[in-house]
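Colleague: got a structure for you, letters missing:
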């Protein structure tokens with residue numbers, strides 16, 4: 001049986017890790033989105049020297065576990081400390097916080113680039129031709145026609161990626177970051193009551209994701225009111 005008194009007692013302790021979870025998620029999702037958009041746009045042409053390196057990057061980060069990526073960036077790059085010091089980058093890779101953000105950002109950029117690439121490809125070519133016929137430049141067509149439509153179409157799929165990334169922040173605890181899961185592991189080592197601790201931690205993640213899903217659904221309805229009416 002779950003001890004609800006203990007359950008309520010540990011909630012404030014777990015919530016103390018919420019700011020770290022939110023920071024990791026917000027930073028990685030923001031950086032990853034910008035990277036994903038740039039990668040998706042870069043693949044719109046027929047330049048193999050551009051598209052193949054991007055596809056290789058996407059294949060590597062989509063085909064390997066996020067846990068392995070965090071380990072490689074935090075522990076693996078630490079073996080190249082002299083080289084990183086010479087390049088002035090050791091300050092970045094010696095901190096678990098920045099290593100977690102780098103790993104999470106690269107991971108979500110790989111997934112997000114495929115989502116956005118498909119959304120951009122899904123914009124009807126007739127709209128692009130119509131914009132060209134009106135005398136709009138390629139850059140203006142991209143900014144005013146293609147990207148707004150593509151981003152609207154990508155919201156449902158990208159919402160899933162955002163949720164996965166929020167849950168992925170729990171892996172940052174393996175490199176000593178005290179977010180919600182890291183604090184939960186500390187509580188378990190002190191109390192040996194894994195069920196209550198993990199149920200409480202899961203409830204926090206569920207509340208975060210429910211809030212974000214509701215906000216994204218509202219955004220989708222606002223951007224596509226015709227679907228809501230249908």
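Modeller: That came through, no problem. Bear in mind the structure is a predicted one, so any value in this text is a computation, not a measurement. Numbers count the residues shown, from 1 in each chain.

Colleague: could you find the closest non-adjacent residue to residue 22?
Modeller: Leaving aside its chain neighbours, residue 22 sits nearest to residue 208 (7.8 Å; criterion: Cβ to Cβ, 6 or more residues apart in numbering). Using the backbone N, CA and C atoms, a C-beta is placed for each residue, glycine as well.

Colleague: from residue 18, how far out is that neighbour?
Modeller: Separation of residue 208 from residue 18 (Cβ to Cβ, to the nearest Å): 8 Å.

Colleague: those two - which one has more neighbours?
Modeller: Set residue 208 next to residue 18 and count neighbours by other Cβ atoms under 10 Å: residue 208 wins out with 19 against 16.

Colleague: in contact with the more buried one, which residues?
Modeller: 18, 21-22, 166 (Cβ atoms under 8 Å, 6 or more residues apart in numbering).

Colleague: where does it land on pLDDT?
Modeller: Looking at residue 208, its pLDDT stands at 94.

Colleague: let me know the helix or strand that it is in.
Modeller: In the assignment (DSSP states H and E), residue 208 maps to helix 194-223.

Colleague: mind listing what's buried along that helix?
Modeller: By neighbour count on 16 or more other Cβ atoms under 10 Å, the buried set for helix 194-223 is 196-197, 200-201, 204-205, 208, 212, 216, 220.

Colleague: quickly check those residues for the two that are furthest apart.
Modeller: Greatest spatial distance in these: 196 and 220, 36.1 Å, computed using Cβ to Cβ.

Colleague: which secondary structure elements does whichever strand or helix holds residue 13 contact?
Modeller: Here residue 13 sits within helix 4-15, counting by DSSP H and E. Helix 4-15 sits against helix 180-191, helix 194-223, with contacts defined as 3 or more Cβ pairs under 8 Å, 6 or more residues apart in numbering; DSSP states H and E.

Colleague: contacts only, for the closest residue to residue 7 other than its chain neighbours.
Modeller: Once flanking residues are discounted, residue 7 sits nearest to residue 196: 5.0 Å by Cβ to Cβ, 6+ apart. By Cβ under 8 Å, 6+ apart, the contact set of residue 196 is 2-3, 6-7, 10.

Colleague: sec struct for residue 46, please.
Modeller: Under DSSP: H, G, I helix; E, B strand; the rest coil, residue 46 falls in the coil class.

Colleague: burial count for it?
Modeller: Neighbours of residue 46 under the rule other Cβ under 10 Å: 7.

Colleague: and it, what are its phi and psi?
Modeller: Per-residue torsions, residue 46: phi -110, psi 30 (degrees, to the nearest 10).

Colleague: show the pLDDT at it.
Modeller: On the pLDDT scale, residue 46 is placed at 73.

Colleague: what of residue 226?
Modeller: Turning to residue 226, the model gives it a pLDDT of 60.

Colleague: quick revisit: so among the buried residues of helix 194-223, where is pLDDT lowest?
Modeller: In terms of pLDDT, the weakest of the buried residues of helix 194-223 is residue 220, which scores 83.

Colleague: which helix or strand contains the closest residue to that one other than its chain neighbours?
Modeller: Distance criterion Cβ to Cβ, 6+ apart; nearest residue to residue 220, sequence neighbours excluded, is residue 155 at 4.7 Å. Taking DSSP H and E as the definition, residue 155 sits inside helix 147-168.

Colleague: picking up where we left off before, for the helices and strands packed on helix 4-15, which one sits closest to residue 119?
Modeller: helix 194-223 (12.9 Å).

Colleague: quick one, the closest one and helix 180-191 angle?
Modeller: 170 degrees (axes from the mean of the first three to the mean of the last three Cα atoms, to 10 degrees).

Colleague: nothing else from me, thank you.
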